[in-house]
Structure formats: C-alpha cells, structure tokens
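*Asks:* Here is a sequence with its predicted model. Questions after.
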Amino acid sequence: MEANRPDAPLPERMRPRDLGEFVGQQHLVGAGRMLRRVYDAGRLMSLVMWGPPGTGKTTLAKLLADIASARFVELSAVASGAKDLRDVFAAAEQEKRLYGVNTVLFIDEIHRYTKTQQDLLLPVVERGVVYLIGSTTENPRICLTRALLSRLQIFELRRLSAKDVQSALVRALGDEERGLGRYSINVEPEAMELLVHGSGGDLRKALQALEVSCFRAVSGSAVCTISADDVQEALQGVGAQFDESVFYDLLSAFGKSLRGSDSDAALYWFARLIDAGVDPAVAVRRLIVHASEDVGLASPQALLQAVAALQALQQVGLPEARIPIAQAIIFVCEAPKSNSVVLALARVEEALRKVPHAQVPSWLRDRHFARDGDALSQYMYPHDYPGHYVKQTYLPEELAKDTFYRPTNQGTEARIRPRKGAADTGEGQES
C-alpha cells in the first residue's frame, strides 16, 4: 500500500489505521454518533462526505471499507468516465458472486460528474453492487442530482480545529515507524503556531509543510531545528490551490459584514478574498449589489461609490485600486441602511402573481394606438399643476390601493414624501 512505502509523502504515511488515530469530526465519529456506530458494527452504507480539503474524507472512506473487509476502489471524477465506472461495476459483481466480497467505490470530487454519469450510479447503488462513498467540497444538495441524493446519506465534515491539527503534527513528529520520530527534530514554538494556523485546518497541507520544513532545516548537526522562516517558505509551496467551498463562505462573510455595518470585518474579508487569489471584481460586484440592497435611498451616494470602485479597478488595477475599493467598502458599511428597494420589488412581484394581466387604464394608453372610447382626455399632465404634481391613478384598477415602495426614516430616505399606506407601517415618516 502507498502508506507503507518509506518514500511515500508524510500525509500518506500518517494516514490513520483506525478511528483511534483519527483526529477531528467528533460530531460524526464520536461515541454514539452515526458513523461511529456504522464503523463499530462493521457495516457498509452508501454516503457522500462534504467538507473542505484535508479534513479526513478519504481516510474515513478507507477505514469504513477496511473494518467491513470490503474491496476499496478509488476513482477521481475529474479523470474517470462512463467506461471506468462500468469496469468497476463488472469487477464488483464478479467479486461478490465468486468470493462474497463487497466493493466500496470511493469517488473523489463526485460533484464533477455530469448528470449522465451520476445516473449510471443509480442502479448499482440501489442493487448493492457497490457501496458508494462520494467526496466533495461542494454542497451535495446543489451539485448532485435528486435521484442520486435519495440513495445517499449526507455527512458534513468540518474544518479541523487548531488543537486537532497540532495533535496530529505532534504525533507525526514522535512516530518512529511512519513519521519523523527517528530524527531529532526541534520545532520552535513560533514555527509550530505557523504550521497550525497557516494550514487553515487542512491536515494534509500541515503535514506536507512539516515535512518540507524538515528538509529545509536539515544541517550537519544532530538536532534539526525548524524555525518560523522554514515553515513560511514551506507553506508558500504547499497547497496552493483554493478551495471553492471556502470562496463562497468568504464572499458570504463579506456581504453580511457590509449589511451589518462592520467596516473592519468587511475590509478583512475583502483582503482574505484577494489574498486567496479571487478576482477583486467579484467582490466589488457584490459591493454594488449591497449598495442598493442594504443602503439604497437611505444614502444614494453608496451606489455611486461602489460603481466608482469598479471603474477604478478597471482603470488602474491592483494594488492601487485597493484604496478606492476600501473607501467604497467603508462608505457602504457606515451609511444608514434601508432595504426598501428590495421590499418594493418583492411586493411588485407578488402583485404580478396575483394580477398577471391587468389592463392599462384608458387615460395612460398610448394616444397613437388608442381605441375608440378610450378616455385619453382624463389624463392629467403633472407639469400643468402646482408643484408639478397632481394626484392621479397610475396603477391598474385591481392594484390601485397597493403600495409597493415604502420609504424608511433612515438617512436621506426620511426626506422622501410619505406614500399612501405609510402611516400604517410607520414607514416614510419624517424623523
């Protein structure tokens, strides 16, 4: 096996051999939890494990197969196709028929399979030809078909805590059989802290960085000392890929911080997105939406600031554009908040569902296409009246009493004239 090779990477050599060596995910494998019960019973089930990289998805799949004495077959959804699946199914049926051995089919990045490929799994999973264990960093309820999900149990794995990562690193440093215990390695406290926190809860990344740090720190002395500089350089070359599931979390945190008027948090999450290599235009486009969605007419300048930030990014690029972008982020955060525009749209959409084909009032119809009997003379031209306003019905008769836009008393929106129905809600009143 790969893990038994002395030249195998440290994460592979240190892969847990049983749940006693497994770190983290106690909500799944702790005493009395479902996966622990399945493991203790030596039973198999088809499931999908969803979580960030380096949290133990592959390891758990192998442990479940081992404890049930099942044959373990691993495929990557990126590199395999329909023919590979059919070959596995045929071999699994033969193993079951001739030797009574079950097959666990582990599919990494299962969300990469097309609908057609996912459909190939349905009959073999249903008949028990294979026990499917899928692994994904994406939400399976979104990326997998309903038919396949109905045959799988979903387990969500969480990012490992700093304590979990450190305990695994310490075990690798002390393990003489598979780890680095046969060497005299001293890890400086600052280096250990950087290993733990720099890996972002990805144990594979932490172990890779530890091994690379050890190579870098090797000298002619009997004791190898790993410094923070060693770890910093190792982390730069390890795990450079960006986890898509984290991207959505970061973007969500950025948006919620804007809505929550927390400039510090919004700036921090924006910086995290940029540091992860995300196109800054993605975050600025979200900023533009929030400028209307959460600020709106309480401070109309917020939208101008956000749009100007995108223009600045297009004109000058990074790193200089970070400054106008940060200015716009702070402006949106510190501006008074109102979601009246969003609510107005929601009320209009509800009205369209209730009255989808309301007639245009006769006095609002285009005079060039007016039909006989249309009362065009009833239309009152607002500029002919004092204040350039005249009370007139512009909605269809069925909706004439409805109020869609209801100003709040926040910021400049408080100065917008009260609308019909505002007195009932407290909206649209002068502050």
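*Replies:* Structure received. Numbering: from 1, shown residues only.

*Asks:* And this protein, what are its domain boundaries?
*Replies:* Domain segmentation of the chain under automatic domain parsing yields 25-156, 162-236, 244-334, 354-425.

*Asks:* now for these, which one comes closest to residue 7?
*Replies:* domain 162-236 (11.5 Å; C-beta to C-beta). Glycine gets a C-beta too; all of them are placed from N, C-alpha and C.

*Asks:* Now the terminal residues of that closest one, how far apart.
*Replies:* Counting by C-alpha to C-alpha, to the nearest Å, you get 19 Å between the two ends of domain 162-236.

*Asks:* I'd like the average pLDDT over that domain.
*Replies:* In this model, domain 162-236 carries a mean pLDDT of 86.

*Asks:* Excluding covalently adjacent residues, which one is nearest to residue 67?
*Replies:* Take residue 67 and drop its neighbours on the chain: the residue closest to it by C-beta to C-beta, 6 or more residues apart in numbering is residue 42, 5.1 Å away.

*Asks:* Residue 156 now?
*Replies:* Nearest non-adjacent residue to residue 156, counting by C-beta to C-beta, 6+ apart: residue 50, 5.1 Å away.

*Asks:* Just list whatever residues bridge to that neighbour.
*Replies:* Beta bridges link residue 50 to residue 136, residue 156, judged by DSSP bridges.

*Asks:* Could you report the neighbour count for it?
*Replies:* Number of residues near residue 50 (other C-beta atoms under 10 Å) recorded here: 24.

*Asks:* Kindly reformat the domains of the chain as CSV containing distance to residue 348.
*Replies:* Formatted as CSV, these follow (distance: least, C-beta to C-beta, whole Å):
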stretch, distance to residue 348
domain 25-156, 28
domain 162-236, 43
domain 244-334, 15
domain 354-425, 5
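
*Asks:* among these, which is nearest residue 18?
*Replies:* domain 25-156 (6.7 Å).

*Asks:* mean confidence for the closest one?
*Replies:* Mean predicted confidence for domain 25-156 is 93.

*Asks:* Equivalent analysis for stretch 361-369, please.
*Replies:* Averaging pLDDT along stretch 361-369 yields 77.

*Asks:* how far does it sit from the chain's center?
*Replies:* Computed by C-alpha atoms, centre = their mean, to the nearest Å, the chain-centroid distance of stretch 361-369 equals 50 Å.

*Asks:* Repeat that for stretch 131-146.
*Replies:* Taking C-alpha atoms, centre = their mean, one finds stretch 131-146 lying 14 Å from the centre of the chain it belongs to.

*Asks:* Stretch 75-84 now?
*Replies:* 25 Å.

*Asks:* Determine which of the domains of the chain approaches residue 14 most closely.
*Replies:* domain 162-236 (5.0 Å).

*Asks:* number of nearby residues for residue 54?
*Replies:* Neighbour tally, residue 54, other C-beta under 10 Å: 24.

*Asks:* Can you tell me the SS state at it?
*Replies:* Under DSSP: H, G, I helix; E, B strand; the rest coil, the three-state class of residue 54 is coil.
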